[in-house]
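Student: sequence unknown, structure follows:
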């Protein structure tokens, strides 16, 4: 917990070469972002990054 927020961080390794041929649409992440925006009226609660063979997702859930 960070202040009044629940912080969740998930990291998964991935093979950089296999990701180049994969063309996911990102629909799942966009859907989650939209739901968070509707629930909490904030667009900065979910962030993702992929670097050095590691995909990281940070999720912040505010206390209501």
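Tutor: Everything's here; your move. Fair warning: this is a prediction, and the values are worked out from it, not measured in the lab.
Student: so which other helices or strands are in contact with whichever helix or strand residue 29 is part of?
Tutor: For residue 29, the host element (DSSP states H and E) is helix 27-40. Applying 3 or more CB pairs under 8 Å, 6 or more residues apart in numbering; DSSP states H and E, one finds that helix 27-40 contacts strand 46-51. Using the backbone N, CA and C atoms, a C-beta is placed for each residue, glycine as well.
Student: what's the model's confidence in the next helix-or-strand element following the strand it packs on, averaged?
Tutor: Going down the chain from strand 46-51, the next helix or strand is strand 54-62, by DSSP H and E. For strand 54-62, mean pLDDT rounds to 95.
Student: contacts for stretch 46-63 next, please.
Tutor: With CB atoms under 8 Å, 6 or more residues apart in numbering as the test, stretch 46-63 has contacts from 2, 4-16, 19, 29, 32-33, 36, 40, 42, 44-45.
Student: any of those buried? List them.
Tutor: If you count burial by 16 or more other CB atoms under 10 Å, the buried members of the contacts of stretch 46-63 come out as 33, 36, 45.
Student: mind putting those in a markdown table, pLDDT and distance to residue 25 included?
Tutor: Formatted as a markdown table, these follow (pLDDT from 0 to 100; distance: CB to CB, whole Å):
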| residue | pLDDT | distance to residue 25 |
| --- | --- | --- |
| 33 | 94 | 14 |
| 36 | 95 | 19 |
| 45 | 96 | 21 |
